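# With the sequence up front, the predicted model follows.
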Amino acid sequence: MTAQGILTLVEMWCWTGVAVGVLFLLFGIHRVDEDASGAVAFRPLLIVGIVLIWPLVLWRWYVLARGIDNWQRRHVPPRHTHLYAAVFLAIAVIVSISLSMALKQTWPDHIAPEKLSTAAPNE
Amino acid sequence: MSVKYIPVQWNKNKYFYDAVLIICVVLFLSIYLYLAPDALGHARPINPAVHNARAFGACAFTMMTFILIIGPLARLDTRFLPLLYNRRHFGVLTALVALPHALTILNWYFIGGPVDKYEAVLNSNLAYDRVIGFPFESFGIFALLCLGILAATSHDFWLKFLTPPIWKALHYLIYPAYAAVVAHVLLGSGQDGHMPVFNALVTGGAITVVSLHVIAALWERSNGDPVAAKMERWESVCNWSEIAEGRAKIAMLSSGERVAVFRHEGALSAISNACAHQNGPLGEGRIIACLVTCPWHGFQYDVRTGRSPAPFTETIPTYDLRIEGDQVFVRTEPHPPGTPVEPVPVPEGAA
C-alpha cells in the first residue's frame, strides 16, 4: 500500500470518527450514562478519543442502549494478563537492545566530505 | 467519582502531583538543553530543531519509563501507592511532551520537498527488510498513536462507558508502545556512536522496567489471592478468625471473580474485590467510619450494601455469606451491584 493510500484511509477513519462523535455527544451519551446528563463542558474532551476508537464506541453504545451489558464482567479485571504483558515486553526490549548492539551502523569517518555541487545561483 | 462529569477532577493532592510533574519536566528539558549536553554526548554541532526534538523525545521516554515503574513498585510495596493515585495525568502529560518531538521532526526533516510531509515520512525509508537502517520512524508513529489513545481515553467517563476491564485491556497498549519507543530510540538515535551515555541510560531504563514487571508478575503468581474451595453453590473462603477488625481476606471464586470478606464491628460482610472505578483491590483497603476505601484512588463503599456514600452513585456486587464452624462460606453467585446484605456476626466470645 502506498503512503498516499494509508493517508487516505487515515483521513476516512478520522472523518467517520468525527461523525460518530457528533452523533454520540449530541444524542447518545446522556442516554447511556446518567452522569453525563446535563454535563456538557467535559464532552469536547471526548472527541479525540471517539475519533481514535470509534468502532469500540459504536459497539459499547449499542450494547448499553439495548440494555444487554453484562454487569458481572465489570468486576472481573484482567489481572492474570499482566504476566503475559511483562514477558512480551521483556522479549521485545531484549531483542531491540541486542539488535542495536550487534548490528551497529558504522560511520564513514575516514572519508573526507566532498561537495557535490556548487551553490545555487541566487545564494 | 460519579455525580456529574466535569472536564478535570482536580483536588489538593492532584494539584500537588501535577505541579511536581510539570516542575520535573521543565527541569529535565532545561538540563538536557542547556546544562549537560557534554555529559549526554550530544554536544556535536546539531541545529536547534534537532536538539529540541531530542530533548522532548528523551523527556517522553523518561516519563514513560517512570509511569511503567510505578505499577510494579506499588504492587511490591504499598508505600508507592500514592504515586499511582494520579498516574493518568502523568500519562496525558507524557503524550503532550511526545507530541512536540514528533512535530519538530516532521517539520524539520520532511518539509520543503515536492511531496506532502506526511507522505514523505511514510515514504522516505522503506527498508523494512533489514535491521541497520530500519525505518525506526514507524516505531515512533505507532508509539505516538498508542500514547494518543491512552491520553484521549483517560477521562473517568471512558472507564464507566467501556467498563474497567475493557478500559484496562485498552490501556495495556502502554506495553507495545514502550517496546516500540525502545526500538525507535535504539535503532534511531541509538545508532549514533557519539551518544554512549544517552544510550546507556535508555538501555538501563528499559531493563529496569522489564525486570520490575517480571518480578511483580511472578510475585503476584506466588503470593496472589488464594482460590476458594467450591462446595455446590457456596465456596469456602477462609477461617473467620484470620480476618482482623476493619480488614478483609480476599479469595478468588471458581467464577474467576475475587471476593473480599470484611470484618466490621464484629460481623462479616462480603463484597466484590474490584472497585467500580478502575477495579482497584478493595480488599486491600481498610474500613474507616463504616466505609472501605480503595487503596488506588480513594473511592469508598459501605461493605453492607456495596454502595458509595451519597451523593456518589458507584455500586459493587455483594455476596451472601455464612459461617460454619470456623469457616467462612460465600455464595458463588453475587447479588447485583448495590444490593444490601445483612452482616453475619462472628461467633460469640471470638477475639
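The structure has been received and is ready for your questions. Residues are numbered from 1 along each chain as shown, chains lettered A, B, ... in the order given.
# C-alpha only now, for contacts and for neighbours.
Noted.
# name the element B:R263 belongs to?
B:R263 is part of strand B:258-264 when elements are defined by DSSP states H and E.
# pLDDT averaged over that strand - what is it?
Per-residue pLDDT values across strand B:258-264 average out to 93.
# same question, stretch A:4-16
96.
# and if you look at stretch B:237-250?
92.
# Quick check: buried residues in that stretch?
Going by neighbour count (16 or more other Cα atoms under 10 Å in any protein chain shown), the buried part of stretch B:237-250 is B:V237, B:C238, B:W240, B:I243, B:E245, B:G246, B:R247, B:A248, B:K249, B:I250.
# what pairs with the last one across the strands?
Taking DSSP bridges, one finds B:A260 as the beta-bridge partners of B:I250.
# Quick check, A:G21 in contact with A:I47.
Yes: A:G21 lies in contact with A:I47 (Cα atoms under 8 Å); the separation is 6.0 Å.
# Looking at the two, which one has more neighbours?
A:G21 (25 against 20; other Cα atoms under 10 Å in any protein chain shown).
# Show me which residues of the helix or strand where that one lies are buried.
Counting by DSSP H and E, the element that carries A:G21 is helix A:3-23. Of all the residues in helix A:3-23, those buried under the rule 16+ other Cα under 10 Å are A:W13, A:C14, A:T16, A:G17, A:V18, A:V20, A:G21.
# is it up against chain B anywhere?
Yes: judged by Cα under 8 Å from any Cα of the partner chain, helix A:3-23 comes into contact with chain B through A:A3, A:Q4, A:L7.
# what mean pLDDT would you report for the following helix or strand past that helix?
Using DSSP H and E, the helix or strand that follows helix A:3-23 in sequence is helix A:29-32. Computed over helix A:29-32, the mean pLDDT rounds to 94.
# Pull out the buried residues from helix A:29-32.
Result for helix A:29-32 [16+ other Cα under 10 Å]: buried residues A:I29, A:H30, A:V32.
# Can you classify B:I6 by secondary structure?
Of the three states, B:I6 takes coil under DSSP: H, G, I helix; E, B strand; the rest coil.
# picking up where we left off before, tell me what the next helix or strand after the strand holding B:R263 is packed against?
Following strand B:258-264 in sequence order, the next helix or strand is strand B:267-272 (DSSP H and E). Contact analysis of strand B:267-272 by 3 or more Cα pairs under 8 Å, 6 or more residues apart in numbering or on different chains; DSSP states H and E lists strand B:258-264, strand B:318-319, strand B:321-324, strand B:344-345 as its packing neighbours.
# one more time with 10 Å
If you count contacts as 3 or more Cα pairs under 10 Å, 6 or more residues apart in numbering or on different chains; DSSP states H and E, strand B:267-272 packs onto strand B:248-252, strand B:258-264, strand B:300-302, strand B:318-319, strand B:321-324, strand B:327-331, strand B:344-345.
# got the angle between it and strand B:248-252?
40 degrees (axes from the mean of the first three to the mean of the last three Cα atoms, to 10 degrees).
# out of the buried residues of helix A:29-32, who's nearest chain B?
Distances from the buried residues of helix A:29-32 to chain B were compared by Cα to the nearest Cα; the smallest belongs to A:V32, at 8.0 Å.
# From what I see, B:V328 and B:I250 are in contact.
No: the pair B:V328 and B:I250 fails to qualify as a contact (Cα atoms under 10 Å) at a distance of 11.7 Å.
# Geometric centre of chain A: which residue is closest?
Nearest to the mean C-alpha position of chain A, counting by Cα atoms, centre = their mean, stands A:L52 at 5.9 Å.
# That one and A:A112, how far apart?
48 Å (Cα to Cα, to the nearest Å).
# Excluding chain neighbours, give the residue nearest to the residue of chain A found nearest chain B in space.
Residue nearest to chain B within chain A: A:F42 (4.1 Å; Cα to the nearest Cα). Among residues not flanking A:F42 along the chain, B:P7 sits closest, at 4.1 Å (Cα to Cα, 6 or more residues apart in numbering or on different chains).
# Could you pull up the contacting residues of that neighbour?
Contact analysis of B:P7 by Cα atoms under 10 Å, 6 or more residues apart in numbering or on different chains lists A:A39, A:V40, A:A41, A:F42, A:R43, A:P44, A:L45, A:L46, B:H155, B:D156, B:F157.
# Give the PyMOL command for selecting the buried subset of those residues.
Typed into PyMOL, the line below selects the buried ones among these, using 16+ other Cα under 10 Å:
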select buried, (chain A and resi 42+43+45+46) or (chain B and resi 155+156+157)
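# So which of the contacts of B:P7 sit within strands?
For the contacts of B:P7, not one is inside strands, with DSSP state E as the criterion.
# okay, the contacts of B:P7 in CSV with pLDDT and distance to A:D69 next?
Shown next, in CSV, are these (pLDDT from 0 to 100; distance: Cα to Cα, whole Å):
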residue, pLDDT, distance to A:D69
A:A39, 90, 23
A:V40, 92, 25
A:A41, 93, 27
A:F42, 94, 24
A:R43, 95, 23
A:P44, 95, 26
A:L45, 95, 25
A:L46, 97, 22
B:H155, 94, 21
B:D156, 90, 18
B:F157, 94, 16
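# Tell me where the model's unsure across chain A.
A:1, A:105-109, A:118-123 (pLDDT under 70).
# interface residues of the stretch 201-350 of chain B facing chain A?
By Cα under 10 Å from any Cα of the partner chain, the residues of the stretch 201-350 of chain B that approach chain A are B:202-203, B:206-207, B:209-221, B:255-259, B:272-281, B:313, B:316-317, B:333-337.
# Please produce a PyMOL select command covering the buried subset of those residues.
Burial among these is assessed by 16+ other Cα under 10 Å; the matching PyMOL selection reads:
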select buried, chain B and resi 202+203+206+207+209+210+211+212+213+214+215+216+217+220+257+258+259+272+273+274+275+276+277+278+279+280+281+316+317+333+334+335+337
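# circling back to that earlier point, what is in contact with B:V328 and B:I250 at once?
B:V237, B:C238, B:V261.
# residue contacts, the second one?
Residues in contact with B:C238, defined by Cα under 10 Å, 6+ apart, are B:226-229, B:249-251, B:261, B:326-330.
# So how do I select the buried members of those residues in PyMOL?
With 16+ other Cα under 10 Å as the criterion, this PyMOL line picks the buried residues out of the contacts of B:C238:
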select buried, chain B and resi 227+228+229+249+250+251+261+327+328+329+330
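# Using TSV, please lay out the contacts of B:C238 together with distance to B:I141.
Converted to TSV, the contacts of B:C238 look like this (distance: Cα to Cα, whole Å):
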residue	distance to B:I141
B:P226	42
B:V227	43
B:A228	45
B:A229	48
B:K249	45
B:I250	42
B:A251	42
B:V261	46
B:D326	58
B:Q327	55
B:V328	53
B:F329	52
B:V330	49
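# ok, so of the contacts of B:C238, who is nearest B:R88?
Nearest to B:R88, judged by Cα to Cα, of the contacts of B:C238 is B:I250 at 26.7 Å.
# From B:E242, how far out is that closest one?
For B:I250 relative to B:E242 (Cα to Cα), the value is 11 Å.
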